[in-house]
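>>> For reference, the sequence and a predicted model appear below.
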Amino acid sequence: MTKMTKLEGADALPLNTILSGDCIEVMETLPEASIDLIFADPPYNLQLKGDLHRPDNSRVDAVDDHWDQFSSFAAYDRFTQDWLNAARRLLKPDGAIWVIGSYHNIFRVGAALQDAGFWILNDVVWRKSNPMPNFRGKRFTNAHETMIWASKSEGAKYTFNYEALKALNEGIQMRSDWVLPICNGGERLKDDNGDKAHPTQKPESLLHRVLVGATQPGDVVLDPFFGTGTTGAVAKMLGRDWIGIEREPAYRDVAGKRIRDVRRFDTSALEVSTSKRAEPRVPFGQLVERGMLRPGEMLVNARGQMAKVRADGTLIGDDVKGSIHQVGAALEGAPSCNGWTYWHFRRDGKTVPIDVLRQQIRSEMSDRPN
């Protein structure tokens with residue numbers, strides 16, 4: 001491989017480009033702390049001994065390529081440690097990594113992640129709705145792969161679009177077992193001979209869920225084992241910048257052609273549902289300070305019970321005083337209460353939730369220039 005020049009500064013990132021070469025060597029040329037998310041589909045190290053055949057004696061197109069072959073577990077572990085260390089250097093302080101693998105390698109990768117200083121957030125099981133059968137009949141059908149999601153370090157403020165994933169799942173909290181089909185049909189890329197262009201091409205649906213859940217538009221996503229470019233294709237659709245690293249010329253060629261044909265979604269379609277916790281915090285007292293509510297003004301709940309606003313942003317009722325949440329909880333006999341939706345004020349003969357005033361302040365904050 002030709003010696004690569006080390007790039008300096010985030011502005012030097014080769015965005016939306018497939019880089020040629022060994023992933024570790026190439027990663028060492030990229031600027032430190034410049035990547036928001038890494039999605040990695042490293043070699044599985046399947047340790048296949050001979051060909052696999054179906055009951056009719058036809059040969060199974062398994063993963064037997066040279067890039068998946070290592071001399072020993074120790075050699076694979078050294079490779080894993082080296083690329084993870086290179087990857088961690090590239091992540092921003094609040095960046096994160098997703099690594100996918102099979103039972104052959106994911107447990108070794110998980111230990112290496114922790115040894116390298118990553119903080120594991122979840123393991124996610126991709127349950128294949130249409131897995132390949134086990135033709136020998138000596139083991140369970142291998143119907144899943146495991147992904148590990150980890151932040152760069154403990155306490156990092158990683159991106160997690162909880163509400164967006166919930167919306168993808170018809171309003172139900174997204175679980176850690178994802179039922180999605182393997183890549184087949186028209187999505188499966190073929191070479192000039194009509195054979196699979198890559199034996200482990202991942203479905204776009206899998207990358208869509210990862211990127212919607214763990215990135216924002218404009219984030220930089222790195223895939224050090226780019227293959228036929230699923231990560232880049234989905235990143236382009238979703239308005240994320242991407243960088244791919246791939247040493248095999250045939251894969252780079254297929255990925256480049258594929259991504260050139262991808263159209264980015266309309267900008268207005270790239271926004272996703274956000275968590276309430278991600279919105280700026282507005283203390284109730286700020287409404288009083290700004291005169292949006294006045295000391296002495298009365299708030300009312302759905303049952304007509306009332307509490308008076310005090311100058312320090314607390315409320316006082318008949319037998320209770322405290323924050324908007326504490327007074328609401330006391331009146332309901334509940335352990336907690338969301339005072340923003342519980343309390344209302346009166347204007348022009350109408351009853352209005354106090355949350356309207358909070359959203360007004362948040363809107364002003366989002367309109368400020370950076």
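Yep, it's here.

>>> Sketch out the low-pLDDT regions of the stretch 201-350 of the chain for me.
Low-confidence segments of the stretch 201-350 of the chain (pLDDT under 70): 268, 274-278.

>>> What segments of it are helices?
Remark: helices assigned in the stretch 201-350 of the chain by DSSP state H, counting those that start in this stretch are 204-214, 230-237, 249-260, 284-289, 324-332, 339-342.

>>> and what of the stretch 51-200 of the chain?
73-90, 106-116, 162-168.

>>> In JSON lines: those, plus mean pLDDT, distance to Val254 and mean neighbour count.
All C-beta spots, glycine's among them, are computed from the backbone N, C-alpha and C. Listed next are these as JSON lines, based on pLDDT from 0 to 100; distance: least, CB to CB, whole Å; neighbours: other CB atoms under 10 Å:
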{"stretch": "helix 73-90", "mean pLDDT": "95", "distance to Val254": "22", "mean neighbour count": "18"}
{"stretch": "helix 106-116", "mean pLDDT": "97", "distance to Val254": "26", "mean neighbour count": "17"}
{"stretch": "helix 162-168", "mean pLDDT": "90", "distance to Val254": "28", "mean neighbour count": "17"}
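
>>> Just send the ones you listed back as JSON lines, with distance to Ile182 too.
Shown next, in JSON lines, are these (distance: least, CB to CB, whole Å):
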{"stretch": "helix 73-90", "distance to Ile182": "24"}
{"stretch": "helix 106-116", "distance to Ile182": "17"}
{"stretch": "helix 162-168", "distance to Ile182": "19"}
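
>>> follow-up on the earlier one: please identify the most buried of the helices of the stretch 201-350 of the chain.
Highest mean neighbour count of the helices of the stretch 201-350 of the chain: helix 230-237, a mean of 25 (counted as mean count of other CB atoms under 10 Å).

>>> residues in contact with that helix?
Under the contact criterion CB atoms under 8 Å, 6 or more residues apart in numbering, helix 230-237 has outside partners 16, 18, 39, 183, 201-204, 206-208, 211, 221, 223, 226, 241-242, 244, 255, 258-259, 262-265.

>>> 6 Å instead?
39, 202, 204, 207-208, 211, 221, 223, 242, 244, 258-259, 262, 264-265 (CB atoms under 6 Å, 6 or more residues apart in numbering).

>>> next one: stretch 329-339
Residues from elsewhere that reach stretch 329-339, judged by CB under 6 Å, 6+ apart: Gln305, Val320, Ile324, His325, Gly328.

>>> quick one: which two of these are the most distant?
Distance extremes for those: the farthest pair is Gln305 and His325 at 15.1 Å, using CB to CB.

>>> ok, now how distant is the residue nearest to the spatial centre of the chain from Ser323?
Nearest to the mean C-alpha position of the chain, by CA atoms, centre = their mean, lies Ala214 at 2.0 Å. Noted for Ala214: a distance of 34 Å to Ser323, by CB to CB, to the nearest Å.

>>> Could you do His208 as well?
Using CB to CB, we find His208 at a distance of 41 Å from Ser323.

>>> Ala87 too?
Separation of Ala87 from Ser323 (CB to CB) stands at 44 Å.

>>> What of Leu90?
Counting by CB to CB, the gap from Leu90 to Ser323 is 44 Å.

>>> How about Phe226?
Phe226 is 52 Å from Ser323, where distance means CB to CB.

>>> quick one, which of these two is more surrounded?
Phe226 (26 against 16; other CB atoms under 10 Å).

>>> check contacts around the more buried one.
Shown in contact with Phe226 (CB under 6 Å, 6+ apart): Gly244, Ile245, Glu246, Ala255.

>>> Now do the contacts for the first one.
Contacts for Gly244 (CB under 6 Å, 6+ apart) come out as Ile18, Asp223, Phe226, Gly232.

>>> and the two most separated of those?
Ile18 and Asp223 (9.5 Å).

>>> neighbour-wise, which of the two wins?
Remark: of Ile18 and Asp223, Asp223 carries more neighbours, 26 against 20, as counted by other CB under 10 Å.
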